[in-house]
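Colleague: Turn this into a model:
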Amino acid sequence: MTRCQRSEAAVIGLATCFALVGGFASFFMPVFLRDSLGFSGAAIGLLYAALSLTSLASAVPAGLCNDRLGSRLPLLAALLAAAAAVAGLGLCRSLWLYLPLYLTYGLASNVFRVSADSLFLREENDPRRFGLYSAARLAGVGVGTLGCGLLLSRLDFPRTLLLLAGFSAALCLMVPLLPRRGGCRSKLAGYGEEFLGQPAAIFFAGWLFLFTTHWGAEYTSYGLFLRHGLGLSLTAMGYFMAGQFAVVAAAAWGAGRLLRSGVSTSSMLAAGLLASGLGLVLMAVPDLAVSAAFRAVHEVGDGLLTVIMYARIKDLFGSQRIGGHVGLVQFVTTLGALCGSLLFGPLGEAYGYSLPLAASGVITLGLVPLHSLWERRLAGATRAAAGGLAPGRVVALPAPRGLGAPGVGLRRR
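Modeller: All right, here's what the predicted structure looks like:
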């Protein structure tokens, strides 16, 4: 194994291991908060909104820090902070103590995500590697969900949280294995010009915001839907979610290979949106077989879209400022999750936990015609640009940067 391969394996391995902790936080914590601590739906929504707010505030600074200082130091700090926050969650019982702990965990998990993504994307250009990275990280969430479900059948929530805290701290031992990358100083204005100066980047951000509102529905409602809508035990929830994450990981792995083989981003995007949205709507049916089948459909869509997101970041922005732009994209996705948490947390408590899932699916399905309109706009702009060139000056260039761009386009210099 070459040094480059060892470095890549270390990044993927660390991201996968930390995702084990994220699987517990995403799906089991709402059950603990409601059933063991007696928190209301509004209180649960508040906690996840606080987690999102911290992520929102830290996304861009974390990205800039990665560009200037490298990624190893932010990753180390994030692991230690996450360990402290998760240990606190296992020891406390009050909402007002949980609030700062969720803020800390949100900060740590977001800094970790931005740093790991920045480190990986700075080194990679092959879509197959995007698929491998996404698949490994998502598989980590699935294994974490299954493992925590099994732990909860033998231990209570507080002791499980303390074990996860110790695991997070132990991951610090992997940081020295990561590649060293020196920082570079770029003017802040350069980030804004590169992001806001591209209409395709603005569309990309808007699409991601609307799409990630369904994350808020899942954070606040899906675990409770499994528990109370489908009547699953905690162990059964673990098996159920592990199976679904196996599906999304396989879809992400396959998506990377499909992009590499020449399948268009546009086709994959449309298929991903349709599968994700339709799956969300129909997995809200309170029948285990139907819900499980359409959860799998939803996860196939999410797997495709995760790889497309990484490919678009790499396509839209160069490696020099990749950390800052990863932070900007993380800001947008976190804002979508925040709005989803605030909207769908109280909605689920008032009208049932299936409604937020179905409503967020309708939003995702609405992105399909929006994407189609964007494609037509790009195609029209390409034809207009081609018609305005002098004879003999029409040349084929790489596709315009942006989500769902046609295969061939024209770029103005």
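Colleague: Out of the helices and strands in the chain, which is least certain?
Modeller: Of all helical and strand segments in the chain, the minimum by mean pLDDT, DSSP states H and E falls on helix 188-196, at a mean of 74.
Colleague: How about residues contacting that one?
Modeller: Identification of contacts with helix 188-196 by Cβ atoms under 8 Å, 6 or more residues apart in numbering yields 64, 201, 202, 205, 317, 318, 321, 324, 325, 328. From N, CA and C alone the C-beta is placed, and that goes for glycine too.
Colleague: What is the burial count for residue 32?
Modeller: Applying other Cβ atoms under 10 Å, we find 21 residues neighbouring residue 32.
Colleague: thought it was touching residue 157?
Modeller: Yes. Counting by Cβ atoms under 8 Å, residue 157 is a contact partner of residue 32 at 4.5 Å.
Colleague: for the stretch 151-300 of the chain, which spans come out with low pLDDT?
Modeller: Scanning the stretch 151-300 of the chain for pLDDT under 70 picks out 181-186.
Colleague: do that again at 90, thanks
Modeller: For the stretch 151-300 of the chain, applying pLDDT under 90 flags the ranges 151-158, 160, 176-205, 207, 215-246, 259-267.
Colleague: just the strands in it please.
Modeller: Here the stretch 151-300 of the chain has no strands by DSSP state E, counting those that start in this stretch.
Colleague: Could you pull out the helices in it for me?
Modeller: With helices called from DSSP state H, counting those that start in this stretch, the stretch 151-300 of the chain shows them at 157-170, 188-196, 199-211, 213-217, 223-224, 234-261, 265-282, 288-316.
Colleague: Report the contact partners of the residue nearest to residue 350 when sequence neighbours are not counted.
Modeller: Leaving out its chain neighbours, the residue that sits closest to residue 350 by Cβ to Cβ, 6 or more residues apart in numbering is residue 41, at 7.5 Å. Counting by Cβ under 8 Å, 6+ apart, residue 41 touches 34, 220, 345, 346, 348, 349, 350.
Colleague: what number of residues lie near residue 254?
Modeller: Here the number of neighbours of residue 254 (other Cβ under 10 Å) works out to 16.
Colleague: out of the contacts of helix 188-196, which are inside helices?
Modeller: Assigned to helices by DSSP state H, the following of the contacts of helix 188-196 qualify: 64, 201, 202, 205, 324, 325, 328.
Colleague: from those, which would you call buried?
Modeller: 64, 201, 205, 324, 325, 328 (16 or more other Cβ atoms under 10 Å).
Colleague: what's near enough to touch the residue lying closest to the first one once chain neighbours are set aside?
Modeller: The shortest distance from residue 64 to any residue other than its chain neighbours is 5.1 Å, reached at residue 324 (Cβ to Cβ, 6+ apart). Under the criterion of Cβ under 8 Å, 6+ apart, the contact list for residue 324 reads 60, 63, 64, 66, 67, 186, 191.
Colleague: Least confident of those residues?
Modeller: Lowest pLDDT within those is found at residue 186 (68).
Colleague: Tell me the secondary structure of the closest residue to residue 53 other than its chain neighbours, please.
Modeller: Closest residue to residue 53 apart from its sequence neighbours, by Cβ to Cβ, 6+ apart: residue 338 at 6.4 Å. Going by DSSP: H, G, I helix; E, B strand; the rest coil, the secondary structure assigned to residue 338 is helix.
Colleague: could I get the buried ones among the ones in helices among the contacts of helix 188-196 as TSV with distance to residue 303?
Modeller: Shown next, in TSV, are those (distance: Cβ to Cβ, whole Å):
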residue	distance to residue 303
64	30
201	23
205	21
324	27
325	23
328	23
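Colleague: which one of the helices of the stretch 151-300 of the chain lies closest to residue 93?
Modeller: helix 157-170 (9.1 Å; Cβ to Cβ).
Colleague: Who are the packing partners of that closest one?
Modeller: helix 3-27, helix 72-91, helix 127-152 (3 or more Cβ pairs under 8 Å, 6 or more residues apart in numbering; DSSP states H and E).
Colleague: Which elements pack onto the top helix by length along the chain?
Modeller: Criterion DSSP H: the longest helix present in the chain is helix 354-387. Under the contact definition 3+ Cβ pairs under 8 Å, 6+ apart, helix 354-387 sits against helix 199-211, helix 213-217, helix 265-282, helix 322-351.
Colleague: Identify each buried residue in the third one, please.
Modeller: Taking 16+ other Cβ under 10 Å as the basis for neighbour counts, the residues of helix 265-282 that come out buried are 265-266, 268-282.
Colleague: One more: stretch 360-371?
Modeller: 360, 361, 363, 364, 365, 367, 368, 371.
Colleague: Tell me if I'm right that the last one and residue 271 touch.
Modeller: Read that as residue 371. No. Look at residue 371 against residue 271 with Cβ under 8 Å: they stay out of range, at 10.9 Å.
Colleague: what about residue 122, how many residues close to it?
Modeller: Counted with other Cβ under 10 Å, residue 122 comes out at 21.
Colleague: what's the spacing between it and residue 364?
Modeller: Distance from residue 122 to residue 364, counting by Cβ to Cβ, to the nearest Å: 30 Å.
Colleague: same thing with residue 351?
Modeller: On the measure of Cβ to Cβ, residue 351 and residue 364 end up 19 Å apart.
Colleague: quick check, distance from stretch 241-251 to the centre of its chain.
Modeller: Here the centre of stretch 241-251 is set off from its chain's centre by 14 Å, with Cα atoms, centre = their mean, to the nearest Å.
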